[in-house]
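Novice: from the sequence below, what's the structure:
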Amino acid sequence: MNAVEDHPFKAFVPANANKLIIGSFPGRQHTQGMANDEAWFYGAKRNQFWQILSAVFEVQINKKTTKQQVLAQHQIAITDIFLKVRRKSNNNLDENLELVAYNDHVIRQILAEQNIQRVFFTSKLVGKHFNTLFPEVAYVDFLPSPSPRFAQMSLQEKVEIYREKLLEN
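Specialist: A predicted model of the protein is given here:
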């Protein structure tokens, strides 16, 4: 049986957050002892999340502190739906994550304490689990998956959709 992996990062919630981006769970390099001090959300080498946000906000995002500054400046909180998982295979695919525990208490706290006007999911799996846990939350939306495996859409198309959704007032 594969070992249970614990989420290595705390939710990032700037004081003025009005948007919340929810992913699934960090890549195995962040939960299996291969991370460094710069490790953070969407940190898998091939994940396009920070490249997309760099283009959307027209700023170079390459360090953890810069990532946090950009999110805070744009009033974006970030966390994941799963707190503990087992991997069915030794890869980062969502479909290989077996739920052990939800991160629902943190998400509930963010929704209660912040003026969140829009909750975004980076995968359909995340949206499905969120809607099961929080069926009363109607201000939800999907962002294209930042995974390079989501090749139905080019990087530029992803940037345009993120820009439209994250910069709307």
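Novice: now the residue nearest the centre of the chain: how far from Glu58?
Specialist: The centre of the chain sits closest to Gly23, judged by CA atoms, centre = their mean, with a distance of 3.1 Å. Remark: distance between Gly23 and Glu58 (CB to CB, to the nearest Å) = 23 Å. Bear in mind the C-beta positions are built from the backbone N, C-alpha and C, glycine included.
Novice: same question for Gln68.
Specialist: Where Glu58 is concerned, Gln68 sits at a distance of 18 Å (CB to CB).
Novice: cool, and Val140?
Specialist: As defined by CB to CB, Val140 lies at a distance of 27 Å from Glu58.
Novice: neighbour-wise, which of Gln68 and Glu58 wins?
Specialist: When Gln68 and Glu58 are compared on other CB atoms under 10 Å, the one with more neighbours turns out to be Gln68, at 15 against 7.
Novice: neighbours of the residue nearest to the more buried one when sequence neighbours are not counted, just the number please.
Specialist: Closest residue to Gln68 in three dimensions, ignoring its sequence neighbours and counting by CB to CB, 6 or more residues apart in numbering: Phe12, at 6.1 Å. Applying other CB under 10 Å, we find 18 residues neighbouring Phe12.
Novice: please shift the residue numbers so they start at 14 in all later answers.
Specialist: New numbering, starting at 14: the last item is Phe25.
Novice: wouldn't Phe25 be in contact with Thr78 here?
Specialist: No. The pair formed by Phe25 and Thr78 falls short of the contact definition of CB atoms under 8 Å, at 11.5 Å.
Novice: bridged to the closest residue in space to Ile89 that isn't next to it in sequence, which residues?
Specialist: Closest residue to Ile89 in three dimensions, ignoring its sequence neighbours and counting by CB to CB, 6+ apart: Lys32, at 4.8 Å. Lys32 forms beta bridges with Ile89, Arg131, as assigned by DSSP bridges.
Novice: hmm, Glu181 and Lys32 touching each other?
Specialist: No. Contact criterion CB under 8 Å: Lys32 and Glu181 do not qualify, at 9.9 Å.
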